[in-house]
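Engineer: Okay, here's the prediction I keep looking at, along with the sequence it came from:
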Amino acid sequence: MPLSFVRGSVRLSVTSRLRAWLLLGLVSGVSACDGRPPPEPPSPETPCPTRPCEGEVAIRPEGSVRIAALNVHRLFDTVCDSGRCGGSEYEALPSPSAFAAQADQLARGIEMLDADVMLLAEVETQAGLDALKSRLPEFPHGVLGETGSTASVDVAVLSAYPITQVLGHRDRTLVRPNGSTTRFSRELLEVHLDVKGKQVIVFAAHYRSKVDDDAGRRYAEADATRDIMTQAAARSPRALVVLGGDLNDVPGSPPLLALELNGSLSRVAKDRPDSETWTYVYSGQRQAIDHLYIANGAAGTYVPGSFRAAREGGGGFGGSDHAAVVADFLPAP
């Protein structure tokens, strides 16, 4: 008899999906027992037991929302906007077949996450987002945080649920620790969702990279994000408010500490071992630079233990050089 995947009140056959989960690390990152005592069975309180054996399946609590984030790694379209494309130039110019192959690979990975909401980074134009949507009918709603810059790699949101409002914050003046001003590297995209009558607000972010580093700008981005999310939570105290994306810094760094100042936001991966939460390999070092945060001032909650970093092969996911991060959340009752 095939195993069943429990998603709310819907049960789907998932023998093949379970095998994929075990490979990708979504069921705690291991594919079989290793001589340790058998783990506790999954339950709404422990939806992802620490080390499940093959044949077990994670159970999502009734009414939960699964939110995932992935830096898709330079999803450029087939039009050269800058006039300088391909080779060593910044703007890639894939052939139509290469563009389709990248979109296919990303869509297959995203489908495996079984998320309700995807927060994406490094999508160049609407053509890239549309290519993913056309391959992912489970996400009928989507929005791109287009900055309007030539060959920009922007953030985006895909959702299984209707979008009720979209806000951008890139024009906000940010202040570095040295007092100089800047703004968000990409759009800080705020998207309001109607999840079966419950309000969910997600923020998709992609902070300043460490190439030709400007650490002060990344700190300013985090400091402003905390303020913006805190205000959103105050305006919508019954909402679930979640931030996700490539924040380009590690736990304990000044930017992430700025997000967590005064307990305003919580990094949901902190209840998982560091060995399981890394998302990127830089100079041979595993680093957690892609994150999910929840605003503590609103009513939604994180499902403890549900955070996972999904990886394939050398550590990336869906053809990207980044792992995906995924967790389950409960909107307010």
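Structural biologist: Arrived safely, thanks for sending. Numbers count the residues shown, from 1 in each chain.
Engineer: now the helices for the stretch 51-200 of the chain?
Structural biologist: 96-113, 126-135 (DSSP state H, counting those that start in this stretch).
Engineer: Tell me where the stretch 101-250 of the chain is predicted with low confidence.
Structural biologist: Nowhere does the stretch 101-250 of the chain drop to pLDDT under 70.
Engineer: Which parts of it are strands?
Structural biologist: Listed in chain order, the strands of the stretch 101-250 of the chain (DSSP state E, counting those that start in this stretch) span 117-123, 141-145, 154-159, 163-168, 174-175, 181-182, 189-195, 198-206, 240-246.
Engineer: For Ser306, find the nearest of those.
Structural biologist: Between Ser306 and the strands of the stretch 101-250 of the chain, the shortest gap by Cβ to Cβ is with strand 240-246, which sits at 12.6 Å. From N, CA and C alone the C-beta is placed, and that goes for glycine too.
Engineer: Run the angle between that closest one and strand 154-159 for me.
Structural biologist: Computed by axes from the mean of the first three to the mean of the last three Cα atoms, to 10 degrees, the angle separating strand 240-246 from strand 154-159 equals 140 degrees.
Engineer: From the chain's centroid, how far away is strand 240-246?
Structural biologist: 7 Å (Cα atoms, centre = their mean, to the nearest Å).
Engineer: what angle sits between the longest helix along the chain and strand 189-195?
Structural biologist: Longest helix of the chain, by residue count under DSSP state H: helix 215-235. If you take the same axes, to 10 degrees, helix 215-235 sits at 30 degrees to strand 189-195.
Engineer: What lies in contact with helix 215-235?
Structural biologist: Residues outside helix 215-235 that contact it (Cβ atoms under 8 Å, 6 or more residues apart in numbering): 169, 172, 174-178, 180, 182, 184-185, 188, 190, 201, 203, 205, 207-208, 239, 241, 243, 247-249, 254-256, 258-261, 264-265, 293, 295-298.
Engineer: List the buried residues in that helix.
Structural biologist: For helix 215-235, burial by neighbour count (16 or more other Cβ atoms under 10 Å) applies to 215-226, 228-230, 232-233.
Engineer: Summarise which helices and strands the top strand by length along the chain is packed against.
Structural biologist: Taking DSSP state E as the assignment, the strand of the chain that covers the most residues is strand 65-75. Under the contact criterion of 3 or more Cβ pairs under 8 Å, 6 or more residues apart in numbering; DSSP states H and E, strand 65-75 touches helix 96-113, strand 117-123, helix 126-135, strand 198-206, strand 240-246, strand 290-295, strand 324-330.
Engineer: Cheers, nothing more for now.
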